[in-house]
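**Student:** give me a model of this one.
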Amino acid sequence: MNYPIYLDYNATTPCAPEVIEAMIPWFGEHFGNAASKSHAYGWVSENAVEEAREQIANLIGAQAKEIIFTSGATEAINLAIKGTFDLYKGEKQHYITCQTEHKAVLDSIKAIEENGAEVTYLPVDNKGDIDLNLLKSSILPHTKMICLMWANNETGVIYPIAEIAELAEKNDIIFFTDAVQAAGKIPISVKGIHLMAISAHKLYGPKGIGVLYIRHNHSLPKPLAQIHGGGHEKGFRSGTLNVPAIVGFGKVAELRRSEMVTESDRVEKLRDLLENKLLSFPDTFLNGSQNRLTHITNIAFGGVEGVDLLRNVCQKVAVSSGSACTSISPKPSHVLQAMGLDSDLGRASIRFSLGKNTTEQEVMDAVDWVEKVVLELRGK
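**Tutor:** Numbers count the residues shown, from 1 in each chain. Have a look, this model is predicted:
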């Protein structure tokens, strides 16, 4: 198939060749169930899982025993939020989150809100930033969790995680962060964080495997399991472990530790080239602040219909108008709406996210194609 240029690395990434190579033996030769404790097939798989657990822990500055495997970040987010709500069942509960969180967070929060939780949805300014003073003033005596992402999946805006963690610690509140877009892209640490979700397929690993970091040796309690049956993963998440994917996650965590800084610098130069070229078009605007991930730009194109823009651009350049989960929706992005963008500009905004395989030639070809599409849609 003749694929278009791929500039949608925030939706997913291709598995690194080293990751594929590392995974292959675990589909066939080493097929044992990691929970089979009585023979060598199980022991070998269990050892591989524990090695991967250590590799992933090293990526985020955690201990191996704090890594709980899930089917992906969505499940990890559900476990963190709903598991905490269930833990405090019967008590008055208040949660603080933000209007621009990923839908996996917002829908999980909505579910507990429908079951009695109070929720404060923090607004953002026109750059996508939150107000720490407003966060501080939103804390109530019965606030159980602050739930804020590390970096936004649509704009790349990075939140002041260290300050949020300090505020949560000072008030003895659980701090949960969705670090899916940050892990493996920028150096991160679990210092002061109680719960963190990450996913392999956003950092050149396989789909279908994620992690919930759960802080160990702390007075604040841990979430209750949402999936039961067998007591796997210290009882937090039952189910036969996906050993090939876990091995792949471990391998890519190791790779990203060694390459993310130099790769980030390379991609930032390409992102800036793309961004500057696109913003030289008349009636175009950058969505988001400069304090963001180095591989993302989100640009609004005035004077065009959003659905036509996305459909035509994607003929030769694979991009999205928001998160992959909502990219086919004709509605404007909830993130851009929260930032105050009007509906027409919100629909006519495109997220470009670059990655390891992006070349300068691809960037220049993408600019030429987007310019052609925009000019045609504007009737020029």
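**Student:** can you give the distance of stretch 178-197 from its chain's centre?
**Tutor:** Centroid displacement of stretch 178-197 relative to its chain, using CA atoms, centre = their mean, to the nearest Å, is 9 Å.
**Student:** just stretch 305-314 next, same as before
**Tutor:** Using CA atoms, centre = their mean, the distance between the centre of stretch 305-314 and that of its chain works out at 25 Å.
**Student:** okay, it in CSV with CA atoms only?
**Tutor:** The C-alpha coordinates for stretch 305-314 follow below in CSV (Å, rounded to 0.1, in the frame of the first residue of the first chain):
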residue,chain,number,x,y,z
GLU,A,305,-14.0,24.1,6.5
GLY,A,306,-12.4,21.7,9.0
VAL,A,307,-13.8,18.4,7.7
ASP,A,308,-12.7,19.2,4.1
LEU,A,309,-9.3,20.3,5.4
LEU,A,310,-8.6,17.1,7.3
ARG,A,311,-10.0,14.8,4.6
ASN,A,312,-7.9,16.5,1.8
VAL,A,313,-4.7,16.8,3.8
CYS,A,314,-4.9,13.2,4.9
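**Student:** mean confidence for that stretch?
**Tutor:** Per-residue pLDDT values over stretch 305-314 give a mean of 95.
**Student:** who are the contact partners of the residue lying closest to Lys136 once chain neighbours are set aside?
**Tutor:** Excluding its sequence neighbours, the residue lying closest to Lys136 (CB to CB, 6 or more residues apart in numbering) is Leu167, at 6.0 Å. Placement of C-beta: from N, CA and C, glycine included. Going by CB atoms under 8 Å, 6 or more residues apart in numbering, Leu167 touches 132, 135-136, 139, 146.
**Student:** please pick the buried ones from those.
**Tutor:** Buried subset of the contacts of Leu167 (neighbour count, 16 or more other CB atoms under 10 Å): 135, 139, 146.
**Student:** please, where are all the helices along the stretch 201-350 of the chain?
**Tutor:** Secondary structure of the stretch 201-350 of the chain (DSSP state H, counting those that start in this stretch): helices located at 243-279, 306-313, 334-338, 343-347.
**Student:** show me what counts as buried in the third one.
**Tutor:** Of the residues in helix 334-338, those with enough neighbours to count as buried (16+ other CB under 10 Å) are 334-336, 338.
**Student:** now stretch 35-47
**Tutor:** If you call a residue buried by 16+ other CB under 10 Å, then stretch 35-47 has these buried ones: 35, 44-46.
**Student:** cool, stretch 303-312 as well?
**Tutor:** Buried positions in stretch 303-312, judged by neighbour count with 16+ other CB under 10 Å: 303-304, 306, 309-310, 312.
**Student:** so which pair among those is furthest apart in space?
**Tutor:** Distances among the buried residues of stretch 303-312 were taken as CB to CB; the most separated pair is Gly303 and Leu310, at 15.0 Å.
**Student:** where in the stretch 201-350 of the chain is pLDDT low?
**Tutor:** 322-330 (pLDDT under 70).
**Student:** isn't there a helix covering the residue nearest to Lys136?
**Tutor:** Yes. Judged by DSSP: H, G, I helix; E, B strand; the rest coil, Leu167 forms part of a helix.
**Student:** report the separation between it and Gly61.
**Tutor:** Distance of Leu167 to Gly61, given as CB to CB, to the nearest Å: 20 Å.
**Student:** returning to that earlier point: pick the most deeply packed of the helices of the stretch 201-350 of the chain.
**Tutor:** helix 334-338 (a mean of 22; mean count of other CB atoms under 10 Å).
**Student:** mind giving me the packing neighbours of it?
**Tutor:** Secondary-structure packing of helix 334-338 (3 or more CB pairs under 8 Å, 6 or more residues apart in numbering; DSSP states H and E): helix 343-347.
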